[in-house]
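Enquirer: need a structure here:
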Amino acid sequence: MLDKLLKQYYDVRGHRTVGNILRDPMECVTVDGVRLFTPHRQVLAAGHGLFLPGEAKSNPSHAYAWINGDFTRIVFSKDPPANKQVFKVKTVIEKALNKKQDVKKKRNTHPKL
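Expert: Numbering: from 1, shown residues only. Have a look, this model is predicted:
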């Protein structure tokens, strides 16, 4: 069963395939250090380029993302793709998604004595 899992969801190098990343039911998936939420993955799955304003500030080499021509990897770059329409997830949605991820959980719930 483990062998089937590895062959179905991972390529020979142990990396997840682009299709599996895009279809992942998790709200947030990290690829190359970049958090891609469901709206981001929907834009990429539609074949468009994606502008990531948060990455443009903190990591300019990952400001844009798109899927390469043979659908084998997600490409990150400081420059927009030449042959794709580029979209940006609305700032309000972006902030809400990041805020939801950054909520800290209380670790110690025992009453003080």
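
Enquirer: any idea how far the residue nearest the centre of the chain lies from residue 75?
Expert: Compute the mean C-alpha point of the chain, and by C-alpha atoms, centre = their mean the closest residue is residue 36, 2.1 Å away. Here the criterion is C-beta to C-beta, to the nearest Å. By it, residue 36 lies 13 Å from residue 75. Backbone N, C-alpha and C define where each C-beta goes, glycine included.

Enquirer: name the residues contacting each of these two.
Expert: Taking C-beta atoms under 8 Å, 6 or more residues apart in numbering as the contact criterion, the residues that touch both residue 36 and residue 75 are residue 65.

Enquirer: show me where this structure has its helices.
Expert: 2-9, 18-23, 38-45, 53-58, 91-101 (DSSP state H).

Enquirer: can you put those in CSV and add mean pLDDT and distance to residue 69?
Expert: Shown next, in CSV, are these (pLDDT from 0 to 100; distance: least, C-beta to C-beta, whole Å):
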stretch, mean pLDDT, distance to residue 69
helix 2-9, 57, 23
helix 18-23, 87, 12
helix 38-45, 92, 13
helix 53-58, 88, 22
helix 91-101, 73, 27
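
Enquirer: tell me which of the ones you listed sits most buried.
Expert: Per-residue neighbour counts averaged over each of those give the maximum for helix 38-45, namely a mean of 18 (mean count of other C-beta atoms under 10 Å).

Enquirer: gap between it and the chain center?
Expert: 8 Å (C-alpha atoms, centre = their mean, to the nearest Å).

Enquirer: what's it packed up against?
Expert: In terms of contacts (3 or more C-beta pairs under 8 Å, 6 or more residues apart in numbering; DSSP states H and E), helix 38-45 is packed against helix 18-23, strand 49-51, strand 64-67.

Enquirer: that helix vs helix 91-101, what angle?
Expert: Taking axes from the mean of the first three to the mean of the last three C-alpha atoms, to 10 degrees, helix 38-45 and helix 91-101 form an angle of 120 degrees between their directions.

Enquirer: now do helix 38-45: everything it contacts.
Expert: Contacts to helix 38-45, defined as C-beta under 8 Å, 6+ apart, come from residues 21-22, 24, 27, 29, 36, 50, 52, 65-67, 74, 87, 89, 93, 97.
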